[in-house]
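Asker: My questions are about this predicted structure, shown below with the sequence.
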Amino acid sequence: MQSRTVETDRAAIIRAVIDEIRPNLKRDGGDCELLEIDGNKVMVRLTGACMFCKLSSATLEGIQAKIVERLGELVRLIPVAGAPKARH
């Protein structure tokens, strides 16, 4: 059960960091959506104005750095392109 709690805590920290950043992105017409956490890989989708912004890589680096700082462990933020998948 200890392992499940650690995973839940990690996910909560990652979500909290992304949620802190989102108002700034939305103010500029963009957004960042958390898609999946798989070990040290965090998959996100940039939407709106963020998709075509020249600074999107810097935005991703900043989000990743903040997550690493909060978690105290290395993670890799991976941008995923495309429309959201339909859920069955």
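Answerer: Received, thanks.

Asker: ok, then the element right after the helix or strand containing P23?
Answerer: Here P23 sits within helix 2-27, counting by DSSP states H and E. Once helix 2-27 ends, the next helix or strand along the chain (criterion: DSSP H and E) is strand 30-38.

Asker: Show me what counts as buried in that following strand.
Answerer: 30-32, 34, 37 (16 or more other Cβ atoms under 10 Å). In short, each C-beta sits where N, CA and C put it, glycine included.

Asker: cool, and stretch 10-27?
Answerer: By 16+ other Cβ under 10 Å, the buried positions in stretch 10-27 come out as 10, 14, 17-18, 21-22, 25.

Asker: Make CSV from those and add distance to E61 and pLDDT to it.
Answerer: Formatted as CSV, these follow (distance: Cβ to Cβ, whole Å; pLDDT from 0 to 100):
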residue, distance to E61, pLDDT
R10, 20, 92
I14, 16, 96
V17, 13, 97
I18, 14, 96
I21, 12, 94
R22, 17, 95
L25, 14, 93
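
Asker: what does stretch 69-81 contact?
Answerer: Outside stretch 69-81, the residues that touch it by Cβ atoms under 8 Å, 6 or more residues apart in numbering are 10, 13-14, 16-17, 35, 40-46, 56, 60-61, 63-64, 67-68.
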